[in-house]
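A.B. asks: Okay, predicted coordinates and the sequence, questions at the end:
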Amino acid sequence: MQNAEKEGIIISNASELFLGPVTKYEPIYSKEVPDTIVIKNGLIEAIGETSNILSNYSKFDHEVIDCKKKQIVCPSFVDSHTHLVFAGDRSHELRMKIQGKSYLEIAQGGGGIMFSVNKTREASKSELENSALQRLDEMLLHGTTTIEAKSGYGLDAKTEIKILEVIQEVNEKHPIDIIPTFLGCHMKPVDFLGNQWEYIESMTQLLPQIKGRQLAEYVDIWTDKGAFSVEESQQFLEDAKSFGFKSRVHADELENVGAALMAAELGAVSADHLLYAEAVSASAMAQANVVANLLPATPFVLMLKKYANYQMFKDAGVEVALSSDFNPNCYILNMQLVIGLGCFMMKMLPEEALKAATFGGAKALNRENEIGTLDIGNKADILILDLSSVSSIPYRLGINHANTVFKDGKIVVKDGKKIAN
């Protein structure tokens, strides 16, 4: 906990200080290797080498956290694709996956999204809120301080609004910043008496209420085989834009249906999943400045051999984000693990994966000028890891290395434990 009598905090002697793509920090000399950060009033005030910083900032006036060249300091994680609020446990589906059943086969057998939808419809707001807060605690303990959270497990007007209300309420109670997205068009539920267009219209009718109550900043739609077509998705996203919503797209996860191209044409902020996206889509996304939000945990838990083609997006000049896709089918709250999957399954270099999990996630939420990098004037959302190098994050897979987490310059996790509010 920060000492209220001190002017700020100095984090010194990092074994590796990962700044990300900064624009405002200027080295004092060409070969400066910064290892120290100064935090004041919730923002990053100074960056430099320990000796220079301590000659300008008094140890007596600042709380000093000495990493002793044994800990990494980096931006805290920005998880820009999650499904935070839902009810029900789908661990029983693991047996079906092991037996070789596909995602669609599991859904057709009564599992999948509709299993979660039915449980979420039955759950009270209090039950949903309590489970969401527990999940947020786990995310925070693993170093995440900003997430995007989607609805999408209600698929009727009442429950979709209920989920968005829960997201709004837990955002007010928890240190993690939550950016809400309306995903009423996750899929057409089997109990909806009407066609695809009629279901989309029922979700479109919710947009004025959602906007008026500020329940969501973004809308999303799953454009894919077995979900919604490009034509259906385009109409919904254009209608949402007319109400002032920004868009993101679940795109080309199961088949290349042209969803990533559509996302580029419509100026979506991100296209997500992208397992079957092709080079033409990557080129269009680069030109339209659409972030490729890659979610390697999803094909991992589905036991697929195919992952998004990171190198293709990199070669095209597309900004890449890494996210967890936390949901009932992919119960992964640890972005350190997601970085490891990015490296092992998509051949990302460790520093590329860390950048995607911080700056990439921030850009996917239009917040790259506030968070996601350790730059002068940015929010002091900072993570100290008990590791000596960035390469150790994927190398030492499956362990929580988060020691200290800062949110807006305040210590919210210390020695791996959450600080009480």
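C.D. replies: Ah, there it is. Numbering: from 1, shown residues only.

A.B. asks: which residues of the stretch 1-150 of the chain fall in strands?
C.D. replies: Using DSSP state E, counting those that start in this stretch, the strands assigned to the stretch 1-150 of the chain run over residues 8-12, 16-17, 36-40, 43-48, 62-66, 72-75, 77-79, 144-150.

A.B. asks: what do you get for the stretch 151-300 of the chain?
C.D. replies: Under DSSP E, counting those that start in this stretch, the stretch 151-300 of the chain gives strands at 177-185, 218-223, 246-251, 270-273, 291-294.

A.B. asks: Same list, those strands, but as TSV with distance to Thr120 please.
C.D. replies: Every C-beta, even on glycine, is put in place using the N, C-alpha and C of the backbone. Listed next are the strands of the stretch 151-300 of the chain as TSV, based on distance: least, C-beta to C-beta, whole Å:
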stretch	distance to Thr120
strand 177-185	12
strand 218-223	17
strand 246-251	18
strand 270-273	21
strand 291-294	23
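
A.B. asks: The helix or strand of the chain with the lowest mean pLDDT: how far from the chain's middle?
C.D. replies: Lowest by mean pLDDT, DSSP states H and E among the helices and strands of the chain is helix 103-108, with a mean of 81. Put simply, helix 103-108 sits 26 Å off its chain's centre (C-alpha atoms, centre = their mean, to the nearest Å).

A.B. asks: before we move on, back to that, okay if I get the strands of the stretch 151-300 of the chain as TSV plus distance to Glu165 and mean pLDDT?
C.D. replies: Putting those into TSV (distance: least, C-beta to C-beta, whole Å; pLDDT from 0 to 100) gives the following:
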stretch	distance to Glu165	mean pLDDT
strand 177-185	10	98
strand 218-223	17	98
strand 246-251	20	98
strand 270-273	24	98
strand 291-294	25	98
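
A.B. asks: Give the full set of residues in contact with the residue positioned nearest the centre of the chain.
C.D. replies: By C-alpha atoms, centre = their mean, the chain has its centre lying nearest to Asp79, at 1.6 Å. Listed by C-beta atoms under 8 Å, 6 or more residues apart in numbering, the contact set of Asp79 reads Met139, Thr144, Thr146, Ile147, Glu148, Ser323, Ser324, Phe326, Met335, Ala357, Gly361.

A.B. asks: which parts of stretch 218-228 are buried?
C.D. replies: Going by neighbour count (16 or more other C-beta atoms under 10 Å), the buried part of stretch 218-228 is Tyr218, Val219, Asp220, Ile221, Trp222, Thr223, Asp224, Ala227, Phe228.

A.B. asks: Redo those as CSV? Include distance to Lys347.
C.D. replies: Putting these into CSV (distance: C-beta to C-beta, whole Å) gives the following:
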residue, distance to Lys347
Tyr218, 30
Val219, 32
Asp220, 28
Ile221, 30
Trp222, 27
Thr223, 26
Asp224, 24
Ala227, 28
Phe228, 31
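
A.B. asks: And those residues, which is closest to Phe406?
C.D. replies: Among the buried residues of stretch 218-228, Tyr218 lies closest to Phe406 (C-beta to C-beta), at 26.1 Å.

A.B. asks: Just grab the bridge partners of that closest one for me.
C.D. replies: Partner residues in beta bridges with Tyr218, using DSSP bridges, are Thr181, Lys246.

A.B. asks: I figured it hits Pro180, correct?
C.D. replies: Yes: with contact defined as C-beta atoms under 8 Å, Tyr218 reaches Pro180; the gap is 7.5 Å.

A.B. asks: what's the overlap in contacts for those two?
C.D. replies: Joint contacts of Tyr218 and Pro180 (C-beta under 8 Å, 6+ apart) are Glu148.

A.B. asks: if we can go back for a sec, separation between the residue nearest to the centre of the chain and Lys407?
C.D. replies: 14 Å (C-beta to C-beta, to the nearest Å).

A.B. asks: Does the closest residue to Leu19 other than its chain neighbours belong to a helix, a strand or coil?
C.D. replies: Of all residues not flanking Leu19 in the chain, Leu374 sits nearest, at 4.6 Å (C-beta to C-beta, 6 or more residues apart in numbering). Following DSSP: H, G, I helix; E, B strand; the rest coil, Leu374 is assigned to coil.

A.B. asks: so where's this protein shaky on pLDDT?
C.D. replies: 1-4, 421 (pLDDT under 70).

A.B. asks: and with 90 instead?
C.D. replies: Residues of the chain that meet the criterion pLDDT under 90 lie in 1-6, 92, 96-97, 100-113, 226, 420-421.

A.B. asks: all helices of the stretch 101-250 of the chain, in order?
C.D. replies: Assigned by DSSP state H, counting those that start in this stretch, the stretch 101-250 of the chain shows helices spanning 103-108, 112-122, 125-141, 157-173, 196-204, 207-212, 230-242.

A.B. asks: Remind me what the first one packs against, helices and strands.
C.D. replies: Helix 103-108 is packed against helix 93-98, helix 112-122, with contacts defined by 3 or more C-beta pairs under 8 Å, 6 or more residues apart in numbering; DSSP states H and E.

A.B. asks: what does it rub up against?
C.D. replies: With C-beta under 8 Å, 6+ apart, helix 103-108 has contacts from Glu93, Met96, Lys97, Gly112, Ile113, Met114, Gly226, Leu254, Leu302, Asn329.
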